[in-house]
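A.B. asks: here is the input, now give the coordinates:
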Amino acid sequence: MSVYNGQRFLSEAVQSILGQSFSDFEFVIVDDGSTDKSSEILAQYMRRDGRIRFHRHTNKGRAVSLNIGMELSKGRYIARMDADDVALPHRLKEQVDFLELHPEVGLLSGSYERISSDGRLLDRVRLPLRDDEIRSMMLHSNAMCHPAVMMRKEVAIACGGYRKVFLDADDYDLWLRMSERIQLANLEQPILRYRVHSKQASIVNLRHQMLCVLAARTAAAFRKQGKPDPFSGVEQITAELLRKLGVTTAEIQECLQASQRNPVLDPIRSALRVRVWHPLLNFTRPIRRALGLRKKSLRAIFVWFENLYWSVHPGPRPLVFDVGANTGVKTAQYLRNGAKVVCFEPQSACVDALRERFRGNDRVVVVPTALGAHIGEAEMSISTRENTISTFADAWKTGRFKDMIWDRTEVVPVTTLDAAIDQYGIPFYCKIDVEGFEQSVLSGLTRQIPVLSFEFCAEGLDQTQACLDLLSRLGYASFNACSGETRVYLLPGAVSAAELMNHLRSMSDPLAWGDVYAAVGSRMPDSRLLPRLLKASSGMA
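C.D. replies: Numbers count the residues shown, from 1 in each chain. This next block holds a predicted model:
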């Protein structure tokens, strides 16, 4: 635990740890140069309980203090705690038991209760439980509660610990780096009471914290592409630095807008959740169970009413094929843009995640099948640690991911785009993300889909050329591309296949990657709005 001027809530936080049902631990507390009575309070506790190890230094910041705490610790596991929160009595026992049973998990957090400065319950926050669900959420936000985390010390140290440049997003940055080595998990039951108050660091520094969150995602994307981490040696994260690294102005603005909290409305919303929403959930539980709504979530109820609305008011919904859906990040985007989505995903673990994520949503169909040039079966190489790079293509494993481990194989059924169209109809848009198998997928298509996209990478441009040739023979005339996950076109307008290929081959980055977009007509839809744009003039499901 790191402390800086935390006297107000410090005693309650310390006592919640000392009173744990699991008692075999050392309590390392680092005072980061407090100017209040924090040190005096801690000195009293240290005299009373020999498990406390106390270290004090001049103010260096949270990241440095936490790294020093890890170096001082002797155990295999590091449990984080903040000086203003309250650990529930069985927190440590439940986390130690889980990690002992699951050696593949190196980072474990759990659900938590948010409380006010005077200890009143505001709401309960439930986090995704499984590794694939957590990784999906980590693409856009932090899925682990920092003061509720327990981690394997050797993994955290091997990853370099916390980085000071990320300030109050140093935890998110560390989790992303650790996730490249181990699996993640959250406990379902709350294990911590997380205090919300006006002097909390995550509230005072929220605007810059959101920039650091965006920076952590950018660093993870660089590492995934095999590039050096762009923030090594950087002393300060700024919007200008992010722009130089390829982050768009729109992404930065969206990130900063998310940092705007309403000091008046937020407490009201929290009170309504506890005093109105939670009692309503309890009252309607028998009805929800009768309707098949097993989850106590607003999303499940919203989905049910949305499905009811569209059954009463049927209207055109653009159909999307999400080929290589993984755990449904893009599917969720297409749903927000008004689509009906057919997800094609052959990995059994991802299929389970998709069905759980979109349970009860009538606009999602999950098909546990791969797509290829011919109907049949194929052997897929699976990377359990990073299932987004699982592939059918041997060449894919010799490129930028040559150091990754594909630890098992699955023989999966394969169908074609033509067969899928015969069964589900012609989609308005088809997204293909199949890790080096794009040419085979497109070889199974003999008719036009209004808009489609497929992934390209710098070391596989010969396959990109073959894909463009296939699409040109099918009559596609307009092409463009986006870099990485930006969904912003590289070229100002639609170009021919030859012009696009010339542009991709001229890119200087040997690890460049992104998506190629192709349209039948002369208009190229905005990739950020798919499938909304042009839907009035194109085929519908």
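A.B. asks: domain boundaries for the chain, per the record?
C.D. replies: When the chain is parsed with automatic domain parsing, its domains come out as 2-201, 205-259, 311-537.
A.B. asks: which one of those domains has the lowest average pLDDT?
C.D. replies: Lowest mean pLDDT within the domains of the chain: domain 205-259, at a mean of 81.
A.B. asks: for the longest helix belonging to the chain, C-alpha coordinates in CSV please.
C.D. replies: Longest helix in the chain, counting residues (DSSP state H): helix 206-224. In CSV, the C-alpha atoms belonging to helix 206-224 read as follows (Å, rounded to 0.1, in the frame of the first residue of the first chain):
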residue,chain,number,x,y,z
LEU,A,206,-9.1,12.6,-14.5
ARG,A,207,-8.5,14.6,-17.7
HIS,A,208,-4.8,13.6,-17.8
GLN,A,209,-5.6,10.1,-16.6
MET,A,210,-7.7,9.6,-19.7
LEU,A,211,-4.9,10.7,-22.0
CYS,A,212,-2.6,8.2,-20.2
VAL,A,213,-5.2,5.5,-20.8
LEU,A,214,-5.1,6.3,-24.5
ALA,A,215,-1.3,6.2,-24.4
ALA,A,216,-1.3,2.8,-22.7
ARG,A,217,-3.6,1.4,-25.5
THR,A,218,-1.3,3.0,-28.1
ALA,A,219,1.8,1.4,-26.5
ALA,A,220,0.1,-2.0,-26.4
ALA,A,221,-0.8,-1.7,-30.1
PHE,A,222,2.8,-0.9,-30.9
ARG,A,223,4.1,-3.9,-29.0
LYS,A,224,1.5,-6.2,-30.7
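A.B. asks: what lies in contact with it?
C.D. replies: 139-142, 165-170, 172-173, 176-177, 180, 202, 228-231, 237-239, 241-242, 245-247, 251-252, 255-256, 258-259, 261, 484-485 (CB atoms under 8 Å, 6 or more residues apart in numbering). C-beta here means a position set from N, CA and C on the backbone, and glycine is covered the same way.
A.B. asks: got the buried residues for that helix?
C.D. replies: 206, 208-222, 224 (16 or more other CB atoms under 10 Å).
A.B. asks: in TSV: the domains of the chain, plus distance to Leu280.
C.D. replies: Listed next are the domains of the chain as TSV, based on distance: least, CB to CB, whole Å:
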stretch	distance to Leu280
domain 2-201	14
domain 205-259	27
domain 311-537	19
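A.B. asks: Phe283 is nearest to which of these?
C.D. replies: For these, the distance to Phe283 is smallest for domain 2-201, at 17.0 Å, taking CB to CB.
A.B. asks: parallel or antiparallel, list what pairs with the longest strand anywhere in the chain.
C.D. replies: Secondary structure of the chain per DSSP state E: the longest strand is strand 183-195. Strand 183-195 has the following sheet partners, assigned by DSSP bridges: strand 86-87 (antiparallel), strand 105-115 (parallel).
A.B. asks: same list (the ones you listed) but as CSV, adding mean neighbour count.
C.D. replies: Below are those laid out as CSV (neighbours: other CB atoms under 10 Å):
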stretch, mean neighbour count
strand 86-87, 24
strand 105-115, 22
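A.B. asks: could you dump those into a markdown table with distance to Lys340 added?
C.D. replies: Below are those laid out as a markdown table (distance: least, CB to CB, whole Å):
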| stretch | distance to Lys340 |
| --- | --- |
| strand 86-87 | 45 |
| strand 105-115 | 32 |
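A.B. asks: those: which one's closest to Asn67?
C.D. replies: Asn67 lies closest to strand 105-115 among these, at 16.4 Å (CB to CB).
A.B. asks: what's the residue lying closest to Glu188 once chain neighbours are set aside in contact with, if anything?
C.D. replies: Spatial nearest neighbour of Glu188, chain neighbours left out: Leu129 (5.9 Å); criterion: CB to CB, 6 or more residues apart in numbering. Shown in contact with Leu129 (CB under 8 Å, 6+ apart): Ala185, Asn186, Leu187, Glu188.
A.B. asks: re earlier: of the strands paired with strand 183-195, which approaches Gly360 most closely?
C.D. replies: The nearest among the strands paired with strand 183-195, by CB to CB, is strand 105-115 at 21.5 Å.
A.B. asks: next SSE after that closest one?
C.D. replies: Sequence-wise, the next helix or strand downstream of strand 105-115 (DSSP states H and E) is strand 121-125.
A.B. asks: let me know the angle separating whichever helix or strand comes after that following strand from helix 206-224.
C.D. replies: The first helix or strand that comes after strand 121-125 along the chain, using DSSP H and E, is helix 131-138. Angle, helix 131-138 to helix 206-224, by axes from the mean of the first three to the mean of the last three CA atoms, to 10 degrees: 120 degrees.
A.B. asks: which strands and helices sit next to helix 131-138?
C.D. replies: Here helix 131-138 touches helix 170-178, strand 183-195, helix 348-357, going by 3 or more CB pairs under 8 Å, 6 or more residues apart in numbering; DSSP states H and E.
A.B. asks: did I read that right, Gly161 in a helix?
C.D. replies: No. Counting by DSSP: H, G, I helix; E, B strand; the rest coil, Gly161 falls outside a helix, being coil.
A.B. asks: for the closest residue to Phe401 other than its chain neighbours, give its distance to Ser2.
C.D. replies: Spatial nearest neighbour of Phe401, chain neighbours left out: Ile389 (5.3 Å); criterion: CB to CB, 6+ apart. Using CB to CB, to the nearest Å, Ile389 is found at 36 Å from Ser2.
A.B. asks: so which of those two has more stuff around it?
C.D. replies: Ser2 (25 against 18; other CB atoms under 10 Å).
A.B. asks: measure the more buried one to Gly444 for me?
C.D. replies: Counting by CB to CB, the gap from Ser2 to Gly444 is 56 Å.
A.B. asks: cool, and Gln20?
C.D. replies: Distance from Gln20 to Gly444, by CB to CB: 58 Å.
A.B. asks: and for Gln95?
C.D. replies: 47 Å.
A.B. asks: which one's more surrounded, these two?
C.D. replies: For Gln95 versus Gly444, neighbours defined as other CB under 10 Å are more numerous around Gln95 (23 against 19).
A.B. asks: now do the phi/psi pair for that one.
C.D. replies: Backbone torsions of Gln95, given as degrees, to the nearest 10, read phi -70, psi -40.
A.B. asks: likewise for the one 5 residues further on?
C.D. replies: Geometry field for Glu100 lists phi and psi as phi -70, psi -40, criterion degrees, to the nearest 10.
A.B. asks: that one - how many residues pack around it?
C.D. replies: Neighbours of Glu100 using other CB under 10 Å come to 10.
A.B. asks: same thing with the one 4 residues further on?
C.D. replies: By the criterion of other CB under 10 Å, Glu104 has 11 neighbours.
A.B. asks: chain neighbours aside, what residue packs nearest to it?
C.D. replies: Nearest non-adjacent residue to Glu104, counting by CB to CB, 6+ apart: Gln183, 4.9 Å away.
A.B. asks: now Ser136
C.D. replies: Thr327 (4.3 Å).
A.B. asks: tell me the secondary structure at that neighbour.
C.D. replies: Thr327 ends up coil, using three-state DSSP.
A.B. asks: doesn't Glu133 make contact with it?
C.D. replies: Yes. Thr327 lies in contact with Glu133 (CB atoms under 8 Å); the separation is 6.9 Å.
A.B. asks: what about the two, which has more around it?
C.D. replies: Counted by other CB under 10 Å, Thr327 and Glu133 do not tie: Thr327 has more neighbours, with 29 against 21.
A.B. asks: could you count how many residues lie near Val441?
C.D. replies: 27.
A.B. asks: err, Ser443, not the other one
C.D. replies: Ser443, neighbours per other CB under 10 Å, totals 17.
A.B. asks: name the element the nearest residue to it once chain neighbours are set aside belongs to?
C.D. replies: With CB to CB, 6+ apart as the criterion, Ser443 has its nearest non-adjacent residue at 3.8 Å, and that residue is Ala373. Taking DSSP H and E as the definition, Ala373 sits outside all helices and strands.
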